[in-house]
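Q: Dropping a prediction and its sequence here:
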Amino acid sequence: MKIFIELPTWLGDGVMASMAVENIALNFPKAKITFFGSFASTSLYQNHPNLEKIVIDESKKTKFRYIKLYQTIKSFDKFDIAISFRSHFATKFSMFFLKAKKKYIFDKNSYQGHQAEKYLDFVTKSLNLDQKQSELKLYFKPKIFSKKTLGLNPGASYGSAKRWYPSYFAEVATALSKEYDILIFGTKNEAKICNEIADILKEKNINFINLCGKTSIQELCQNIAGLSLFITNDSGPMHIAASYKTPTIALFGPTRWFETSPYKNSKSKIVRLDLACMPCMKRTCPIKTHKCMKNLTPDMVLKAYKELNLTSINP
């Protein structure tokens, strides 16, 4: 059986779709899967045991997107099943031309609950599957650190409204620096905020390694999987941590925590406020105060850390 899967665009959504993907694979164990989508999301599946091919959607980078998309889709062989976790017009366009016996497109308005559960409900109902997996699943082996290691993730690709402040991250890292080695994660586009943390830690003579822009998706997953503690905004790396049950403190501001919280990670704590303007779901603060993150203090995060009770955890 040949299955085509178009993955969500964002890294975090790609992780949250992994539970649904795993259920497809477990119900069709001999299936050969072609994964199609963004570089970030497809990179998550490069070690999947049912992988036949990864095709990165490059159409957005071209002048005539739909011509490129048509050419890409028409180059595929015929599939038994085609599943898309996206609902964009470009998806409907490509699925129209894709050769497949059965085609299913995710409708974000048809499902309730956590985003991972929405994706799972979509595939189980569409394909009439037995639910054989109830957790997120990635296939990268965790890195083994010689000492307890704290990871900081100050970025969030969606927008600045989701980002806690570099000085706050540095304050928490300083408070925990005697217990942990420290790693800073981020993309090349997040170098400014990562470097702000690095500069503060340097001034305080605290040892750390800044990995901003220096890891592949696979290396990012392996590093996060091996951490003793991860402090992060609502972001793709947060969901990677959830898939490995990495102890996590997740900082939520403008987004719906009940839809995108660390899924089934009992070792996680969500730190958030309860303001009238939350959740606004905006990329930047529409009222220019950013109180949802500004008033979320380092002391609140350190309190959540104590509640996690990680003192007995070894690397």
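A: Nice, thanks for sending it over. Numbers count the residues shown, from 1 in each chain.
Q: Every contact and neighbour count from this point should use C-alpha atoms.
A: Will do.
Q: Burial check on residue 99, number of neighbours?
A: Residues within reach of residue 99, counting by other Cα atoms under 10 Å, total 20.
Q: Give me the pLDDT for it.
A: If you check residue 99, the pLDDT there is 98.
Q: Then residue 158?
A: pLDDT recorded at residue 158 is 78.
Q: could you check the distance from it over to residue 131?
A: 31 Å (Cα to Cα, to the nearest Å).
Q: next one: residue 161
A: Distance of residue 161 to residue 131, given as Cα to Cα: 36 Å.
Q: check which helix or strand covers residue 103.
A: strand 100-105 (DSSP states H and E).
Q: which other residues reach that strand?
A: For strand 100-105, the surrounding residues in contact (Cα atoms under 8 Å, 6 or more residues apart in numbering) are 78-87, 91-92, 95, 126.
Q: Give me the contacts around the very next helix or strand once past it.
A: Per DSSP H and E, the first helix or strand lying C-terminal to strand 100-105 is helix 115-127. Surrounding helix 115-127, the residues in contact under the criterion Cα under 8 Å, 6+ apart are 13, 16-20, 23-24, 83, 85, 104, 106, 108, 111-112, 129-131, 259-260, 263.
Q: Just the buried residues of these.
A: 13, 16-20, 23-24, 83, 85, 104, 106, 129, 131, 260, 263 (16 or more other Cα atoms under 10 Å).
Q: wait, isn't residue 174 in contact with residue 201?
A: Yes - using Cα atoms under 8 Å, residue 174 makes contact with residue 201 at a distance of 7.2 Å.
Q: Where does pLDDT dip in the stretch 51-200 of the chain?
A: Of all residues in the stretch 51-200 of the chain, none has pLDDT under 70.
Q: Going along the chain, name the strands of it.
A: 51-56, 79-84, 100-105, 149-153, 181-184 (DSSP state E, counting those that start in this stretch).
Q: Nearest to residue 307, out of those strands?
A: Closest approach to residue 307 among these is made by strand 149-153 (16.3 Å; Cα to Cα).
Q: Does anything pack onto that closest one? Which helices or strands?
A: Applying 3 or more Cα pairs under 8 Å, 6 or more residues apart in numbering; DSSP states H and E, we find strand 149-153 packed against strand 181-184, strand 229-233.
Q: Work out the sheet partners of that strand and label each with its direction, please.
A: strand 181-184 (parallel), strand 229-233 (parallel) (DSSP bridges).
Q: which residues touch it?
A: Here strand 149-153 has contacts from 169, 180-186, 224, 227-233, 237, 315, using Cα under 8 Å, 6+ apart.
Q: rewinding a little: nearest to residue 298 among the buried ones among the contacts of helix 115-127?
A: Closest to residue 298, out of all of the buried ones among the contacts of helix 115-127 and judged by Cα to Cα, is residue 260, at 22.1 Å.
Q: doesn't residue 113 make contact with that closest one?
A: No - counting by Cα under 8 Å, residue 260 does not reach residue 113; the two are 9.3 Å apart.
Q: ok so, going back, any idea which of the strands paired with strand 149-153 is most buried?
A: Greatest average neighbour count among the strands paired with strand 149-153 goes to strand 229-233 (a mean of 26), per mean count of other Cα atoms under 10 Å.
Q: What's the mean pLDDT across that one?
A: Averaging pLDDT along strand 229-233 yields 98.
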